[in-house]
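This is a predicted model, with the sequence first.
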Amino acid sequence: DGKTIPGRPYQANRLVAVLSKLFSWAERRGLRAAGANPCRHIQRFEEVGRERFLSQDELSRLGKVLSEEERTYAVGAIRLLLFTGARLNEILSARWDWVDFSTGTIRLPDSKTGAKTLYLNAPALAVLEKLPRQDGNPYIIVGNKKGAHLVNLQKPWHSVRKAAGVSDVRLHD
């Protein structure tokens with residue numbers, strides 16, 4: 001019945017989606033008979049949107065841990081996510097030349113939903129003002145490779161949320 005990962009419905013649905021793409025690719029390449037994708041008939045789990053908000057106490061603990069964290073750009077990215085509600089990739093791939101301090105905005109030429117303007121509140125502007133710019137790197141959130149942006153926040157986020165005692169909070173929350 002396709003329910004191969006008990007208690008992990010989202011992961012099971014993602015696995016079926018990947019396998020379905022693989023089988024479809026194989027069909028297009030003539031490696032499988034057309035219409036033979038076995039994933040077509042697998043019933044997916046119902047997915048319910050998750051919503052999790054931090055309490056004032058949790059926000060305080062998170063803020064304390066972030067103030068003690070030494071990874072400047074990772075902390076900047078997490079704070080910008082908190083203060084703007086932007087998507088992770090919108091923050092990680094944002095460039096300095098998209099920032100307009102006079103209007104308090106970041107103009108994203110392309111995002112998941114097309115061109116978009118992020119409106120920056122005072123705390124978000126303060127984060128940007130404190131982030132060091134790196135010569136030759138156009139990105140706000142500088143990565144480990146020269147001229148690149150940070151590509152993954154999972155490790156720093158995992159350690160920050162563990163230290164703050166909010167292990168059930170995702171970056172999207």
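Looks like it arrived, so ask away.

what about the protein, any weak spots by pLDDT?
For the chain, applying pLDDT under 70 flags the ranges 1-6, 173.

Longest helix in it, by number of residues?
As assigned by DSSP state H, the longest helix anywhere in the chain is helix 9-28.

Buried residues, it. List them.
12-13, 15-16, 23 (16 or more other Cβ atoms under 10 Å). Every residue, glycine included, has its C-beta placed from N, CA and C.

Show me the strands in the chain, by range?
Applying DSSP state E to the chain gives strands spanning 99-100, 105-108, 116-119.

Any figure for the gap between Leu128 and Ile141?
Using Cβ to Cβ, to the nearest Å, Leu128 is found at 10 Å from Ile141.

Between the two, which contacts overlap?
With contacts taken as Cβ atoms under 8 Å, 6 or more residues apart in numbering, the residues that reach both Leu128 and Ile141 are 76, 80.

distance of Arg8 from Leu15?
With Cβ to Cβ as the criterion, Arg8 and Leu15 are 9 Å apart.

Hmm, I typed the wrong one, I wanted Arg44.
Distance, Arg44 to Leu15, by Cβ to Cβ: 10 Å.

Glu51 now?
Taking Cβ to Cβ, one finds Glu51 at 24 Å from Leu15.

again, but for Trp157
In terms of Cβ to Cβ, Trp157 sits 23 Å off from Leu15.

Then Arg87?
24 Å.

And Lys145, by the same measure?
31 Å.

quick one, helices of the protein?
Ranges of helices in the chain, per DSSP H, are 9-28, 56-68, 72-84, 88-92, 122-130, 154-164.

What are the contacting residues of the fourth one?
Residues from elsewhere that reach helix 88-92 (Cβ under 8 Å, 6+ apart): 77, 80-81, 84, 108, 111-112, 116, 118, 139-141, 149-151, 153, 171-172.

among the residues you listed, which ones are buried?
The neighbour count (16+ other Cβ under 10 Å) marks 77, 80-81, 84, 108, 111, 118, 139-141, 149-150, 153 as buried among those.
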